[in-house]
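Trainee: model the following, please.
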Amino acid sequence: GSLGYDLTEALNLTVEGRYTKDDKSIDSQRLDLGTGLPSGVGFAFTDGRVSDNLSYTATLAYKVAGWLTYAKVGTAYRAGGFNLGLGDPRAPKEVPATFGDEDSTSYEVGLKGNLTPNIYINAAAYRTYVDDLLVQTDNGCFIGSTVCPTQRTNYIYNAGKAKLTGLEAEATGRANILGGTARLTLGVSRQWGKITSGPDKGRKGPQRPDWTATMNLNCRHGLGQGYTGFVNIKGDLRSGGVQEIEQTPKLHDFQVFDLRMGVDKDNWQAAIYVNNFANESYIVYDSASARRWNFPQSYGAELTYRW
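Mentor: This next block holds a predicted model:
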C-alpha cells in the first residue's frame, strides 16, 4: 500500500508499507539416474521455515525554486532459505541447512533539479544498517586438500550486523551540435562500510565495489529525406572491493565501452554495434579451482521495425 498527502503546495509526505509471509520447506536427496540409488554426501535432508515481515518507507519531499529535495527512511527484507548441498562431512566449515532473514533500515537524503535549462542533476547520500547480513562463502574443501580433498561447496549464512554508506550523483546535459542534438549522462557512486558484529566483524561486505561510474552519450542528426543518423556510446567502470567475505581475491577493476550507430526512418531502424569495443579483459570470478573472464568484444548488425 502507498499513501501520499500534500501538507502544503510544496511539501509532500508519502508512506508505503508491505507485508510479506514466507512459508518454505525442502526435501532434498540426490539420486543416480542409472540405478535410482542415493548418490553423493550432504544432499539428504528435510527442513522447513516460516517467517514474516512488515516493511515500510516514509518520504518527506519539499519543492523549492524548481528543485525537489527529500529525506527518506525505510526498511527492507530478504527472506531466508536453504542451502541445497551440505557438503562433505570432513569440511573445515560446517554448512548450515538453512539461513535466516536479512533485515535492513536505510536513511537517505537527496535532491534533483535543473542546474541550468539544459543540465539536470540528481544526487543522494544514504546509510543502511543491516541485521543478519546474508553472505556467501564455501566450506573450505578443495582438490588437493589434506583435510577435505573434494570440490568445494558454496553456501549462504548470516554474518551479523553491518553499516553501509554511499554517495551517488548523476548529471544529464543536452546541447545542439553542428545541427544535431547530443545528450550526455554521467553517473558516479562511492560506497563503503563494514560488518560490525559477529565472526566477520571489521570486514568489507563482498561484491560491493568502492567506486562505480556510468556514461551514456547519444547523438542524433538529420540526414534528409526523412532519415536520422545516430551514434550511442555507453560506458561502465568499477574499482575496488572484494569478491569474497575472506577479503580475497579483490574485485577486478574494469572500464568497458559499447558503441552503437545507425539510421532511423519512420518505423525502421538499421544499426551496427560493437560491445566492449576496446576488448577489455578482466576476471569476473576468481578462485583456486575456477576462473571466469568477462565476455570479449562482440559485434553485429540489427534491422528493426516498430509498429
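
Trainee: list the helices and strands the longest strand out of those in the chain packs on?
Mentor: For the chain, the strand with the greatest residue count under DSSP state E is strand 45-64. The contact analysis (3 or more Cβ pairs under 8 Å, 6 or more residues apart in numbering; DSSP states H and E) places strand 45-64 against strand 11-28, strand 67-78, strand 81-82. All C-beta atoms are positioned from the backbone trio N, CA, C, and that covers glycine.

Trainee: buried set for the first one?
Mentor: By that I understand strand 11-28. Asn12, Thr14, Ser28 (16 or more other Cβ atoms under 10 Å).

Trainee: that strand: partners in the sheet, and parallel or antiparallel?
Mentor: Strand 11-28 pairs in its sheet with strand 2-6 (antiparallel), strand 45-64 (antiparallel), by DSSP bridges.

Trainee: can I get those in CSV including distance to Asn122 and mean neighbour count?
Mentor: Converted to CSV, the strands paired with strand 11-28 look like this (distance: least, Cβ to Cβ, whole Å; neighbours: other Cβ atoms under 10 Å):
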stretch, distance to Asn122, mean neighbour count
strand 2-6, 20, 10
strand 45-64, 13, 14
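
Trainee: Leu86 is nearest to which of those?
Mentor: strand 45-64 (6.4 Å; Cβ to Cβ).

Trainee: quick one: contacts of the closest one?
Mentor: Residues from elsewhere that reach strand 45-64, judged by Cβ atoms under 8 Å, 6 or more residues apart in numbering: 10-28, 68-77, 79-82, 86, 97-98, 100-101, 103.

Trainee: the residue located most distally from the centre of the chain: what's it in contact with?
Mentor: Distance from the centre of the chain peaks at Gln225, with 43.4 Å (Cα atoms, centre = their mean). Shown here is Gln225, whose contacts under the criterion Cβ under 8 Å, 6+ apart are Lys265.

Trainee: before we move on, what about Glu108?
Mentor: Tyr70, Ala71, Lys72, Val73, Gly74, Ala124, Ala125, Tyr126, Arg127.

Trainee: narrow those to those that are buried.
Mentor: Applying 16+ other Cβ under 10 Å to the contacts of Glu108 flags Tyr70, Lys72, Gly74, Ala124, Tyr126 as buried.

Trainee: any figure for the gap between the nearest residue to the last one once chain neighbours are set aside and Ala124?
Mentor: The one in question is Tyr126. The shortest distance from Tyr126 to any non-neighbouring residue, by Cβ to Cβ, 6 or more residues apart in numbering, is to Glu108 (4.1 Å). Here Glu108 is placed at a distance of 6 Å from Ala124 (Cβ to Cβ, to the nearest Å).

Trainee: what about Thr212, neighbour count?
Mentor: 19 (other Cβ atoms under 10 Å).

Trainee: look up which residues are beta-bridged to it.
Mentor: In beta-bridge terms (that is, DSSP bridges), Thr212 pairs with Ser189, Arg238.

Trainee: one step back: mind exporting the longest strand of the chain as CSV, just the C-alpha atoms?
Mentor: Output in CSV follows, covering the C-alpha atoms of strand 45-64 (Å, rounded to 0.1, in the frame of the first residue of the first chain):
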residue,chain,number,x,y,z
PHE,A,45,18.0,-33.7,4.5
THR,A,46,14.5,-32.3,5.2
ASP,A,47,13.8,-28.9,6.7
GLY,A,48,11.3,-26.1,6.8
ARG,A,49,11.0,-22.5,8.0
VAL,A,50,8.3,-19.8,8.3
SER,A,51,8.9,-16.0,8.5
ASP,A,52,7.0,-12.8,8.1
ASN,A,53,7.9,-9.1,7.8
LEU,A,54,6.3,-5.7,7.6
SER,A,55,8.5,-3.2,5.7
TYR,A,56,7.8,0.5,5.4
THR,A,57,9.1,3.6,3.7
ALA,A,58,8.3,7.2,4.7
THR,A,59,9.4,10.1,2.4
LEU,A,60,9.2,13.8,3.0
ALA,A,61,9.7,15.8,-0.2
TYR,A,62,10.0,19.6,-0.5
LYS,A,63,9.9,21.6,-3.7
VAL,A,64,11.9,24.8,-3.6
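
Trainee: please tell me I have it right and Glu170 contacts Ile119.
Mentor: No. Taking contacts as Cβ atoms under 8 Å, Glu170 lies outside contact range of Ile119: 11.3 Å.

Trainee: these two touch, right, Glu94 and Asn139?
Mentor: Yes. Taking contacts as Cβ under 8 Å, Glu94 lies within contact range of Asn139: 7.5 Å.

Trainee: these two: which is more packed in?
Mentor: A count of neighbours by other Cβ under 10 Å puts Asn139 above the other of Glu94 and Asn139, at 24 against 12.
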